[in-house]
Every structure is written in C-alpha cells, then in structure tokens.
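Asks: Sharing a model that was predicted from the sequence below.
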Amino acid sequence: MRRCLCPGSFDPVTNGHIDVIERAASLFDEVVVAIGANESKKGLFTVDERIDLLEKVCAHLPAVRVESFEGLLVDFARQRDIPAVVKGLRAVTDFDYELQMAQMNHRLTGLETLFVATNPDYSFLSSSLVKEVASYGGDVAGLVPDVVLQRLNERLGRR
C-alpha cells in the first residue's frame with residue numbers, strides 16, 4: 001500500500017490545502033493529513049477544531065484520514081510506517097524553506113518528500129493571509145471551503 005503524509009498547521013484549512021490533499025489522494029492509496037500541534041502557538045482554531053474541519057472537507061476522499069502530532073514529523077511518519085510526504089509549493093520562497101526541511105527529514109530517517117506545484121488559482125493563498133483578511137472584514141469566500149468560512153465568521157463574530 002502506497003502511503004503519504006500531508007502535514008501542516010491548517011489554521012484554517014484553505015482551498016489550496018484541499019487541492020494538494022486531493023492530488024495526493026489520486027496518487028497514493030492512503031493519505032494521512034497530519035496537523036502539527038504546537039501548544040506554545042495560539043491558533044485561531046484548536047487542534048480538535050482543525051481535525052473536525054479537515055474531516056468534514058475531506059469526507060469525499062475515502063483514502064484520507066486526519067491526525068494530529070507533536071514533535072518531529074519524521075517520528076510521526078516512522079511510527080506509522082509512512083515513507084513519504086507530499087507538500088505544495090506556491091513560490092520560490094516556499095521551495096527554499098521546504099527543500100531544507102526535506103533534506104533534513106531525509107537525513108534523519110530517509111523520509112522522502114514529493115513537491116507538488118500549487119494550482120495557480122491558489123498560488124497566493126495562505127492560512128495567515130486568510131486570517132488577516134477575514135479579521136479586517138474582508139471576504140474570503142472562495143478561498144476556504146464553505147464550512148470553514150462559516151466557522152471563521154462565527155469565530156470572528158460575524159454572521
């Protein structure tokens with residue numbers, strides 16, 4: 001069985017994330033969406049809320065399951081016998097950072113990283129940008145799944 005991880009903070013999950021997850025699901029038998037849990041960082045959504053949102057927006061993908069992890073991604077992958085990571089790249093700046101991470105992960109445990117060029121429709125999109133725009137009342141419809149938009153509006157006190 002071919003298995004991979006799609007890691008991230010997903011705070012919140014965007015349509016760009018979903019695009020990468022769907023593409024990974026078309027290439028692998030099982031995709032584990034791995035939410036990094038860092039208790040020292042205050043997120044907009046709790047890890048449990050992010051798991052719930054990802055499970056909802058990935059419900060149409062039977063090969064996808066969602067988990068959270070703490071610590072090193074390589075340890076999480078090794079514990080689950082998952083040999084590969086799939087990451088989306090939006091720009092050259094993503095590549096610089098992600099290449100270093102991929103090389104370190106490979107050196108530590110042999111974990112392979114596959115890069116997927118982001119759909120141009122989402123090349124500018126990040127969770128941080130979505131949160132910032134939404135916090136100032138900007139419209140992020142079409143950038144996040146509908147259920148995420150609803151939760152964002154609730155969290156930010158909008159209808």
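Replies: Good, I have the coordinates.
Asks: Per-residue confidence, the closest residue to Gly16 other than its chain neighbours, what does it come out as?
Replies: In this structure, Gly16 finds its nearest non-sequential neighbour in Tyr122, 3.4 Å apart by Cβ to Cβ, 6 or more residues apart in numbering. C-beta: built from backbone N, CA, C; applies to glycine. You'll see Tyr122 listed with a pLDDT of 93.
Asks: what do you get for the one 4 residues further on?
Replies: The predicted local distance difference test score for Ser126 is 95.
Asks: Please apply the same query to the one 5 residues further on.
Replies: For Lys131, the model assigns a pLDDT of 94.
Asks: can you count the residues close to the residue nearest to Gly16?
Replies: By the criterion of other Cβ atoms under 10 Å, Tyr122 has 18 neighbours.
Asks: go on, Glu132?
Replies: Residues within reach of Glu132, counting by other Cβ under 10 Å, total 12.
Asks: so it is in which element?
Replies: helix 127-135 (DSSP states H and E).
Asks: Surely Val66 forms part of a strand?
Replies: Yes: applying DSSP: H, G, I helix; E, B strand; the rest coil, one finds Val66 inside a strand.
Asks: right, and it touches Leu54 too?
Replies: Yes: judged on Cβ atoms under 8 Å, Val66 makes contact with Leu54 at a distance of 4.5 Å.
Asks: who has more neighbours, those two?
Replies: Leu54 (27 against 22).
Asks: Great, nothing more from me.
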